[in-house]
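**Student:** Model the following, please.
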Amino acid sequence: MTLSWADVTVRLMKAETQRFRRSAIAALLMLAGTGAAGAADFVALRDIDPSIVQAMHYATPNNFTGKPVAGYENGECLVTRPTADALAKAQEKLSARGLTLVVFDCYRPTQGVQDFVDWAERKDLDTEPAKRFYAPDVPPNRLFQLGYIAHKSGHSRGGTVDLGLAEIGAKVAIGPVPATGDCRDTAATAGVRDMGTSFDCFDPRSWVGAKGLSKAQRANRKALTDAMVSAGFKPYSKEWWHFSLAAGDAGTAFDFPANAASLPDATGE
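**Tutor:** Now for the predicted structure:
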């Protein structure tokens with residue numbers, strides 16, 4: 001659906017909740033300048049390389065918020081076309097070694113980013129099993145200060161992805177939040193290679209240069225990083241799973257649902 005400036009302005013004026021105002025503002029940004037062209041450049045990763053495994057945690061309750069995240073309707077990886085092409089290049093390199101990429105998160109609607117912020121501002125976080133697993137030693141009042149939660153994300157611009165590795169043919173599955181252990185010793189995604197922590201582990205052990213990893217864990221991280229860097233991605237020092245492609249950044253933070261049916265066509269409609 002294409003919104004005119006008048007349509008969005010009316011929605012903004014009639015907005016009764018803070019979240020609806022944020023969505024209306026995001027729609028205004030989408031209409032501005034390069035916004036429409038950037039949105040039209042998004043694709044479903046499965047249409048570019050269906051061999052890449054998808055385990056999209058935020059479409060399920062099995063993530064650090066303990067519930068499906070706003071804007072994740074079908075658990076589908078959407079990225080800009082340059083990002084998808086680069087991922088296919090990394091996948092080709094890994095498949096020669098019998099490995100496959102496993103994507104945990106791709107495009108993130110801005111309403112999903114706000115969901116993270118709302119979660120981090122809750123007063124009862126320490127009572128939540130998901131928080132205990134994913135952020136076992138982080139006081140709730142330091143989630144922003146330590147950089148684990150942010151008010152903006154490169155994911156919303158389509159050029160950033162979170163991912164791990166698995167052997168080709170492995171049974172990859174998103175499991176429930178474990179009742180015992182935490183993200184430093186237990187993976188939240190079955191079938192993936194051991195990287196020393198689970199995806200989304202809020203702990204220094206997740207840093208690229210973390211100490212105390214086994215030889216196999218270091219080798220797995222290196223295999224992932226080497227493949228991604230060779231395809232043009234830049235790693236993030238505090239999250240082994242996080243990579244961004246500068247050439248794949250659409251330049252605008254979008255808020256359409258993470259669902260291929262919501263993608264604009266080539267004309268931006």
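
**Student:** Give me the spatial nearest neighbour of Asp49, chain neighbours excluded.
**Tutor:** Leaving out its chain neighbours, the residue that sits closest to Asp49 by C-beta to C-beta, 6 or more residues apart in numbering is Ala88, at 4.1 Å. (C-beta placed from N, C-alpha, C; glycine too.)

**Student:** And for Gly232?
**Tutor:** The nearest residue in space to Gly232 (C-beta to C-beta, 6+ apart) is Ala86, at 5.1 Å.

**Student:** Could you export whichever helix or strand that neighbour is part of as CSV, CA atoms only?
**Tutor:** Element membership for Ala86 (DSSP states H and E) is helix 81-95. Extracted in CSV, the C-alpha atoms of helix 81-95 (Å, rounded to 0.1, in the frame of the first residue of the first chain):
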residue,chain,number,x,y,z
ARG,A,81,19.4,-6.6,-2.6
PRO,A,82,23.2,-5.8,-2.3
THR,A,83,23.1,-7.4,1.2
ALA,A,84,21.4,-10.6,-0.1
ASP,A,85,23.9,-10.9,-3.0
ALA,A,86,26.8,-10.5,-0.5
LEU,A,87,25.3,-13.2,1.8
ALA,A,88,25.0,-15.5,-1.2
LYS,A,89,28.7,-14.9,-1.9
ALA,A,90,29.6,-15.8,1.7
GLN,A,91,27.4,-18.9,1.5
GLU,A,92,29.2,-20.1,-1.6
LYS,A,93,32.5,-19.8,0.2
LEU,A,94,31.2,-21.8,3.2
SER,A,95,29.4,-24.4,1.2
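
**Student:** Downstream of that helix, the next helix or strand is which one?
**Tutor:** Counting by DSSP H and E, what follows helix 81-95 is strand 99-105.

**Student:** quick one: contacts of that next one?
**Tutor:** Applying C-beta atoms under 8 Å, 6 or more residues apart in numbering, the contact partners of strand 99-105 are 45, 51-58, 77, 87, 90-91, 94, 155, 161-168, 170, 172, 189, 191-193, 199-200, 223, 227, 241.
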